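Trainee: all I have is the shape, not the residue letters:
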């Protein structure tokens, strides 16, 4: 059980942050190597060269470590992807950047992605349901929906109903997440090639048909 910590100096707080970061890094490596079930607090402590007591000083339980890993991986992905996406100025390029930067992050952080898939696939809440797979949380779909709506407004993408835009976003996210599972099974996966093919496939699916664009142009003329 985690105990209350005494008041700290700035140096002590910095040391605490460094130790927590070390524990999380080793936890990620342990899960990626051994799998979720075998990655006990004892295993993590042994690999980090510290006692279990040091870990429980910083984290109340294995569950808390897992929650922090999920949070940090998602936040790291946003930090990696955001500047790449924000460099683009038109919907087609933004959607391509969204897909390719997602997969580039996976390729550059394989252990993080393997650990994340292990946690999301195996962690359970008190009711036995998956802890990190809440289908009611659609926030991860919203960026895709917004890009599709923007492309619809500019005429680059076809028209979407609310339902079809959500289906398209779910389909893309499922494809991206599927790469994470393939990467876990195949460390040599050509992620960059996969990203290019996925981007081309999805863009072909959402672009406005050329014939439709030509017809509308003639009508306006």
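Mentor: Looks like it came in fine. In this text, all values refer to a predicted model and were calculated from it rather than measured experimentally.
Trainee: distance of the closest residue to residue 154 other than its chain neighbours relative to residue 80?
Mentor: Excluding its sequence neighbours, the residue lying closest to residue 154 (Cβ to Cβ, 6 or more residues apart in numbering) is residue 91, at 5.8 Å. For every residue, glycine as well, the C-beta is placed using N, CA and C. Residue 91 is 21 Å from residue 80, where distance means Cβ to Cβ, to the nearest Å.
Trainee: the more surrounded of these two?
Mentor: Neighbour count, other Cβ atoms under 10 Å: between residue 91 and residue 80, residue 91 has more, with 23 against 16.
Trainee: quick one: that one and residue 147 touch, right?
Mentor: Yes: applying Cβ atoms under 8 Å, one finds residue 91 in contact with residue 147, separated by 5.9 Å.
Trainee: beyond the strand or helix carrying residue 103, next helix or strand please.
Mentor: For residue 103, the host element (DSSP states H and E) is helix 91-108. Using DSSP H and E, the helix or strand that follows helix 91-108 in sequence is helix 110-122.
Trainee: could you pull out the buried residues of the very next helix or strand once past that following helix?
Mentor: Remark: after helix 110-122, the chain's next helix or strand is helix 142-154, criterion DSSP H and E. Buried residues in helix 142-154, counting neighbours by 16 or more other Cβ atoms under 10 Å, are found at 143, 144, 145, 147, 148, 151, 152.
Trainee: the fourth one: what's it in contact with?
Mentor: Contacts of residue 147 were listed using Cβ atoms under 8 Å, 6 or more residues apart in numbering, and they are 91, 94, 95, 98.
Trainee: just the strands in this structure please.
Mentor: Assigned by DSSP state E, the chain shows no strands.
Trainee: buried sites along the helix holding residue 103?
Mentor: Buried-residue list, helix 91-108, by 16+ other Cβ under 10 Å: 91-92, 94-107.
Trainee: how about stretch 164-176?
Mentor: Applying 16+ other Cβ under 10 Å to stretch 164-176 flags 165, 166, 168, 169, 170, 172, 173, 175, 176 as buried.
Trainee: gap between the third one and residue 157?
Mentor: For residue 168, the distance to residue 157 equals 9 Å [Cβ to Cβ].
Trainee: which neighbours do the two have in common?
Mentor: 148, 206.
Trainee: coming back round to it: any idea which of the contacts of residue 147 is closest to residue 10?
Mentor: Closest approach between the contacts of residue 147 and residue 10, by Cβ to Cβ: residue 98, at 39.1 Å.
Trainee: worst-scoring helix or strand of this protein, pLDDT-wise?
Mentor: Lowest mean confidence among the helices and strands of the chain (mean pLDDT, DSSP states H and E): helix 210-220, at a mean of 52.
Trainee: got any ranges where the chain has weak pLDDT?
Mentor: Residue ranges of the chain with pLDDT under 70: 1-8, 133-137, 211-221.
Trainee: same thing but 80
Mentor: Scanning the chain for pLDDT under 80 picks out the ranges 1-12, 133-138, 210-221.
Trainee: pick out the residue closest to the middle of it.
Mentor: Taking Cα atoms, centre = their mean, the centroid of the chain lies closest to residue 74, which sits 4.9 Å from it.
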